[in-house]
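Student: how does the following fold in three dimensions:
(2 chains)
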Amino acid sequence: MYTYALRRLLLAIPVLLLSSVIVFGLMRVMPGDALTALMAESGNVSERELQKLRKDLGLDRPYHEQYFLWVWQMVTFDPGYSIFTSEPISVALKQAIPVTVELALLGMGMGLLIAIPVGVLSATRQDKFADYMGRMVAISGLSLPDFWLGTLVITFAAIWFAWIPPLGYTSLWEAPWENLQQFLLPAAVLGFRLSAATMRMTRSTLLEVLRDDYVRTARAKGLVERVIIYKHALKNALIPVVTIVGGQLGTLLAGTVIVETIFALPGMGRLTVEAILFRDYPVVQTNVMLVAATLVTLNLLVDLTYAWLDPRIHYR
Amino acid sequence: MAKVATGVPVGIARTVEKRSWGLALWKTIKRKPMGAVAGFLIVLLVVTAILAEVLAPYDPLDARPERRLTAPNWEHWFGTDDIGRDVLSRVIHGTRISLWVGLLAVGIGTFAGTIIGLISGYWEGWPDLLLQRVMDAVMAIPGLILALAIVSVLTPSTTNAMLAIAMVIIPGNSRIVRGAVLSAKQSPYVEAARALGCPHLRIIARHILPNVTAPILIIASIWLGNAILIEASLSFLGLGTQPPIPSWGLMLSSTGRAFMEQAPWLAIFPGLAIGLTVLSFNLFGDTLRDIWDPKLRQPG
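Tutor: Got it, this is the predicted structure:
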């Protein structure tokens, strides 16, 4: 197990380094450089000012030097300054990361809360009305755009319940109730999308498990159906579900981009979209790299959890 | 030829073949009704896209302020938007953008992914190691975020959104093709071809490629829905198709959200169009997977 963990960790490093080369390279493919593009949009700036800015941002150095400097900045958690606001990126990140983490956790929780009961219902009433409904919900979760759902949810909450979530963002520690109100709808939209795959997985693994011998034994000894499902079958059916949930981390992080934009939550996703719109490339490259690093780390953790959960699996 | 040799006249043999093909299609439709419905919807969408000019009752760009924000009625089935353009006509023309972007993005992504997968799986060794690590690195960035970053470099437009989506498709595709090539390579006929001194390119084109087409097509059909969704998301964020071109995602963000309470039809119809299209491609992809390749079938 330890050798496996170490091996996976060592394999993750080159992947991350390559990702950083890709992200860095991407930001340099732009015709001209970021500053020229920025200045062209903002109007007349003298050549001297441009040179000075270029020097301040380190854009006059050779590419490899810029790259190593950036990697060093990332490793030391000091990713430089935003071109647009001239503020340290780390300050913006410190405000944005907790928002996205909270949204992602709540979204994932909501997703499981929808997926597992509906998956169980679907499996125990296979090919009945409830099953068809459950599967329809799952497939629509995969197909309906989350920006559309978000827009509808906000509007209909306002029209039908005369309720609008408090605007902006309040920290969970300052005003927990207001914070939860702000996060309820976005987390539900995110969760609905995530629940689709998990629900399908729960349904199919539970169907398989319900045909196993030990379930038949449990039935034969006269256990109540509820105990059989929740105590015996579901526990074993949930192992592959862990992998599916792990595999959805990318969808989750991408989903936060859209949901944060719609619900005006100042998280990483909105920060990235705004940085892209303003061509604030230091912020874009830092955020994209941070997301990639988070994803690689979380995937590693999921794989290790899986190895730990299911001792039958031996990794070479 | 064999049928002719057994004494069955060529004409009859042809009708038998034709009928059995039709019968097979009918059987599949009966066995997979959802897939058939999805297939029918896809045909309908393609026809709508091709005949958009004929089908759309009005010019999608024709703004008439005097009829702005009209609710759905007999003249304007889907209502009109904030500057008086007919929403139905815009949704019909939007089909063209969505399908075009989806098809081209998936086409480019599948083509490039297949080439990389073929090289990786056929030669293995260092090209494989190098290419697959690069693919891992690209896959470490979530699709939408990668597409956003690419579009930010290339300036927002329909073509660039399409290229960005193609880039997102390549890594996963190359991995699936690689796996299929690795297993096809083991088969006796490839070994035989190699023993006969067949050149590499011929082995790849004649013996391996036909055997990896099924997974490629399945993945492509599943990706189509996703590609359309990503295009809509990019346009929604203002980073895809630019106004005044009618793209479903853009219709939602530019007017749909602003007038949501006043004129919900502005958001509802483009959203339904996206949902229905993506749903059709998802269901169709699932069906193809079930029919062609049980090995690729994921539980659920």
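
Student: okay, strands next: where are they in the stretch 51-200 of chain A?
Tutor: When secondary structure is read from DSSP state E, counting those that start in this stretch, the stretch 51-200 of chain A shows no strands.

Student: can you show me the helices along it?
Tutor: Along the stretch 51-200 of chain A, the stretches classed as helices by DSSP state H, counting those that start in this stretch are A:63-75, A:89-124, A:129-143, A:146-161, A:176-209.

Student: just checking, what packs against the second one?
Tutor: What that stands for is helix A:89-124. helix A:129-143, helix A:176-209, helix A:234-247, helix A:249-262, helix A:268-277, helix A:281-309 (3 or more Cβ pairs under 8 Å, 6 or more residues apart in numbering or on different chains; DSSP states H and E). (Each C-beta comes from the backbone N, C-alpha and C, glycine too.)

Student: name the residues of the first one that are buried.
Tutor: Buried residues in helix A:129-143, counting neighbours by 16 or more other Cβ atoms under 10 Å in any protein chain shown, are found at A:131, A:134, A:135, A:137, A:138, A:139, A:140, A:141, A:142, A:143.

Student: weakest of the helices and strands packed on helix A:89-124 by average pLDDT?
Tutor: Averaged per stretch, pLDDT over these is lowest on helix A:234-247, reaching a mean of 78.

Student: gap between the residue of the stretch 51-200 of chain A found nearest chain B and residue B:142?
Tutor: Minimum separation of the stretch 51-200 of chain A from chain B (Cβ to the nearest Cβ) falls at residue A:200, amounting to 3.0 Å. With distances defined as Cβ to Cβ, to the nearest Å, the gap from residue A:200 to residue B:142 amounts to 21 Å.

Student: just give the nearest non-adjacent residue to residue B:180, would you?
Tutor: Nearest residue to residue B:180 in three dimensions, chain neighbours excluded: residue B:212, at 4.0 Å (Cβ to Cβ, 6 or more residues apart in numbering or on different chains).

Student: got the buried residues for the helix or strand harbouring that neighbour?
Tutor: Taking DSSP states H and E as the criterion, residue B:212 maps to helix B:209-236. Judged by neighbour count (16+ other Cβ under 10 Å), helix B:209-236 contains these buried residues: B:209, B:211-212, B:214-236.

Student: so how far is that helix from its chain's centroid?
Tutor: Distance, stretch centre to chain centre, for helix B:209-236: 4 Å (Cα atoms, centre = their mean, to the nearest Å).

Student: tell me how many other residues crowd the nearest residue to residue A:284 once chain neighbours are set aside.
Tutor: Leaving aside its sequence neighbours, residue A:284 sits nearest to residue A:275 (Cβ to Cβ, 6+ apart; 4.8 Å). For residue A:275, the neighbour count with other Cβ atoms under 10 Å in any protein chain shown is 27.

Student: circling back: what's the angle from the helix holding residue B:212 to helix A:249-262?
Tutor: Counting by axes from the mean of the first three to the mean of the last three Cα atoms, to 10 degrees, helix B:209-236 lies at 20 degrees to helix A:249-262.

Student: okay, the angle between helix B:209-236 and helix A:129-143?
Tutor: Helix B:209-236 and helix A:129-143 meet at an angle of 80 degrees, taking the same axes, to 10 degrees as the criterion.

Student: quick one: mean pLDDT over helix B:209-236.
Tutor: The average pLDDT within helix B:209-236 is 87.

Student: pull out the buried positions in the helix or strand immediately after that helix in the chain.
Tutor: Secondary structure here is assigned by DSSP H and E; on that basis, the next helix or strand after helix B:209-236 toward the C-terminus is helix B:248-251. Judged by neighbour count using 16+ other Cβ under 10 Å, the buried positions of helix B:248-251 are B:248, B:249, B:250, B:251.
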